[in-house]
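Peer 1: Need coordinates for the following:
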Amino acid sequence: MAAAGKDVSKRKSSEVSKDRAEVAATRKDAPNPVWFKPVMFGFMLLGLVWIVLYYITSSSLQLPIPQLGQANIFVGFGLVLVGFLMTPWWK
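Peer 2: Residues are numbered from 1 along each chain as shown. Below you'll find the predicted structure:
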């Protein structure tokens with residue numbers, strides 16, 4: 001039994017696949033959101049600053065996080081990697 005107010009009509013599989021293809025084409029041609037490029041470059045720059053800050057202060061203050069020690073380099077490269085992994089989707 002169909003619930004009241006619901007459209008339970010059956011659609012052909014060709015109609016469904018055509019609708020999905022249209023949605024995929026629309027998404028493919030759509031521009032990136034406004035926040036995408038600043039976030040991508042922000043990750044890259046933040047990682048670079050993290051690494052540079054670690055190297056500059058490694059003898060005295062050991063910034064950005066002293067408890068991590070040498071692992072600060074991995075954190076910096078991880079942030080840069082996230083930014084670079086975002087580049088294939090930049091339009």
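
Peer 1: separation between S17 and V23?
Peer 2: 11 Å (C-beta to C-beta, to the nearest Å). C-beta: built from backbone N, CA, C; applies to glycine.

Peer 1: Return the per-residue confidence for the residue nearest to F77 when sequence neighbours are not counted.
Peer 2: For F77, ignoring the flanking residues on the chain, the nearest one in space by C-beta to C-beta, 6 or more residues apart in numbering is G47 at 6.5 Å. The model reports G47 with a pLDDT of 97.

Peer 1: State the distance from G47 to Q62.
Peer 2: 18 Å.

Peer 1: Hmm, the residue nearest to F77 is touching L79, no?
Peer 2: Yes - the pair G47 and L79 passes the contact test of C-beta atoms under 8 Å, sitting 3.2 Å apart.

Peer 1: Sticking with W50, tell me its helix or strand.
Peer 2: helix 36-57 (DSSP states H and E).

Peer 1: how distant is that helix from the center of its chain?
Peer 2: 16 Å (C-alpha atoms, centre = their mean, to the nearest Å).

Peer 1: by how many degrees do the helix or strand just after that helix and helix 36-57 diverge?
Peer 2: The helix or strand immediately downstream of helix 36-57 is helix 71-86, counting by DSSP H and E. Angle, helix 71-86 to helix 36-57, by axes from the mean of the first three to the mean of the last three C-alpha atoms, to 10 degrees: 160 degrees.

Peer 1: Remind me what helix 71-86 packs against, helices and strands.
Peer 2: helix 36-57 (3 or more C-beta pairs under 8 Å, 6 or more residues apart in numbering; DSSP states H and E).

Peer 1: Residues contacting the helix it packs on from elsewhere in the structure, which ones?
Peer 2: With contacts defined as C-beta atoms under 8 Å, 6 or more residues apart in numbering, helix 36-57 is touched by 62-64, 72-73, 75-84, 86-87, 89-90.

Peer 1: Among those residues, name the buried ones.
Peer 2: The neighbour-count test (16 or more other C-beta atoms under 10 Å) marks 72, 75-76, 79-80, 82-83, 86 as buried among these.

Peer 1: Sounds good, over and out.
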